[in-house]
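1. 3D model of this:
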Amino acid sequence: MALSQTELLNEAKKLELQGLKKYPISPVFISKLDTLLNDAYAIRRPKPIDYHNRRDLIRILNAITKELYGNSGNSPVVEGFGSFVMDMFSIGSDLDLSVNFGEGHVIGVQAIMTARVPIIKFIDCGTGIECDLSVENRDGIQKSQILHLVSGIDERFQKLSFLMKAWAKAHNINSPKDRTLSSLSIIQLVAFHLQTRDPPIIPPFCTLFEDGTDPVIVVKRVKNYSEYGKGNKESLADLFITLLVKVASVENLWQKGLCASLYQGSWTSKLWDTPYISVEDFTDLSQNVARAVGREQFKEIYGCIHSSLCHLLSFSDGHIQGHQLVDLLFGSDSVSIVPRQIDTESNDESKANLPVPLNGHQTKRMRVSKGLKEKQQGEGWRGGQQTQGWKQHGNWKKGKEENKPMAGVEEHN
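-> Down below sits the predicted model:
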C-alpha cells in the first residue's frame, strides 16, 4: 500500500528518532570525536600552493584563449566550477573547467539531462592536476557559486561537506560514472541535514531565491542570514553522526518516493525513474542529482553507512582507539600524515581569492604570452612556468574524450 506524502514524511521522522536511540551519543564521546574530525579536516585541507596552482592554471588557459582568439570581448573564457569554487576540494581533486563563449558564438545551448556529454580530460604535468573540460557548463558554474555563498552562512557546512566527501572517497562511493554518489549529491545531503536540524543551521533555499537564482542576486540575500545558525550549538561530531543516522534511517523509504528538497528545506515526496536515492536539484526541481546511483551501488553505499555507524559505536564503547576510527572512516593515509601547523592567515587569503566571478567575467592578469602561437610548436606551459613542448613534445598529457554523464556540476568529483 502506497503511503501518502504526510504518512511518508512522518515515517521518515519516526525512523530517524529510532536511529538516534540505536546510536546513543555521550558528551565525552562527542568531545573526543570532535577533536578527531577537526584534526582530520585540518590535515586534509589544501595548502595555499594548491589554491595558487589551480588559479594559475585557469589564468594560463585564459591567456592561451586570448592569444588564439584575440583580446576582444567575444573571446572564450575558461572558468572553474565544482569543488574548487565551492572550497570543498582536496589536494587530489580534479579541477572542473568550462569554456564559455561570448554572445554570437554559440546559440541554442540547452541542458539534455539524459545525454552522455563528452568532456576532455587532461593533466597539467607541472602540478599533476587532472582537469575535466566541458563547454558552456553555466549550470555547473551557477550551482558552485551558490553553494560557495551558502557555505559562508555557517562554517560547519563547508567542514562537514569536506569530511563527507573524504569519507565517500575513502569508501569508493563518490563516482557517478561508477553509479555511486556524485559530489554534488553528497554536498546537497549535507546542506539538507543542516536545514533540518533543530534549530536549523542554514535556511531553505527558496528564501535565498526569492529574487532569482543569479549568484549576483543570491549574495545579497545570503547576507541577511549571516547569523542564521548561531542558535544551533551542535559540534562537527554531532552533525557527522546524525547525518549518517538520518540517511541510514530512510534506507527503505527512497523507493516509496521520499526526496530531500533543499529548496523547501524539508523532506518531500517525488517518484522518479531512478528511485534509489532522491535529492532534488535546487535550481531545477524536476531533476534528481543522485540519479546516477544504481541498484547494486545503493547496497554498497548503505553497507558503508552502516559499517561506519558501527565503528563510531565501537569507538564510543572503547573497543577501538581514535586513530583506528579515523583510519576506518577516512582511509589509512589520514593517520600517517603528521599534523602540520595550519596557517590560517594564508588559508583565508587563499579562500578569498577563489575564482567566483559574481560580477561577470573577471579580467585575468596576463602572464607574458607574446608569441604564444609560436611557443605551442616548441614551448609549452608546466604549472606556472615555461617548459618544452605540448603533449606531442612531452609536456601536457591529454586524456581521450570520454563520454560520461554530465548535467551540471553533479557529475564531477
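2. Quick check: Ile153 touching Asn232?
-> No - no contact is recorded between Ile153 and Asn232 when judged using C-beta atoms under 8 Å, the distance being 11.5 Å. Every residue, glycine included, has its C-beta placed from N, CA and C.
3. Overlap in contacts, these two.
-> Both Ile153 and Asn232 are contacted by Ile201, under the criterion C-beta atoms under 8 Å, 6 or more residues apart in numbering.
4. Can you pick out the residue with more neighbours from these two?
-> Under the neighbour definition other C-beta atoms under 10 Å, Ile153 and Asn232 were set side by side, and Ile153 has more, 22 against 17.
5. doesn't the more buried one fall inside a helix?
-> No - assessed by DSSP: H, G, I helix; E, B strand; the rest coil, Ile153 does not belong to a helix; its assignment is coil.
6. Kindly provide the distance from it to Gly229.
-> For Ile153, the distance to Gly229 (C-beta to C-beta, to the nearest Å) stands at 6 Å.
7. shared neighbours, the two?
-> With contacts taken as C-beta under 8 Å, 6+ apart, the residues that reach both Ile153 and Gly229 are 201-202.
8. just checking, what packs against the host helix or strand of Ala63?
-> Ala63 belongs to helix 48-69 when elements are defined using DSSP states H and E. Other helices and strands packing on helix 48-69, by 3 or more C-beta pairs under 8 Å, 6 or more residues apart in numbering; DSSP states H and E, are strand 77-81, strand 95-100, strand 129-135, helix 344-352, helix 372-378.
9. Run the angle between the shortest one and strand 95-100 for me.
-> For the pair strand 77-81 and strand 95-100, the angle between their directions (axes from the mean of the first three to the mean of the last three C-alpha atoms, to 10 degrees) equals 140 degrees.
10. after strand 77-81 comes which helix or strand?
-> Once strand 77-81 ends, the next helix or strand along the chain (criterion: DSSP H and E) is helix 83-86.
11. so Phe29 is in which element?
-> Counting by DSSP H and E, the element that carries Phe29 is helix 27-44.
12. For that helix, give me every contacting residue.
-> Here helix 27-44 makes contact (C-beta under 8 Å, 6+ apart) with 90-91, 159, 162-163, 166, 235-238, 240-241, 312, 315-316, 322, 325-326, 329-330, 334, 337, 339-340, 342.
13. now stretch 229-240
-> With C-beta under 8 Å, 6+ apart as the contact definition, stretch 229-240 has outside contacts at 25, 30-31, 33-34, 36-38, 41, 153-154, 156, 159-160, 163-164, 193-194, 197-202, 242.
14. cool, stretch 10-24 as well?
-> Residues outside stretch 10-24 that contact it (C-beta under 8 Å, 6+ apart) are 3, 241-242, 245-246, 248-250, 253, 258, 267, 309, 312-313, 316.
15. let's see it at 6 Å
-> Contacts to stretch 10-24, defined as C-beta atoms under 6 Å, 6 or more residues apart in numbering, come from residues 245-246, 248-250, 253, 258, 267, 309, 313.
16. Now do the buried residues in the helix holding Ala63.
-> Across helix 48-69, burial judged by 16 or more other C-beta atoms under 10 Å covers 48, 50-67.
17. No more questions from me, cheers.
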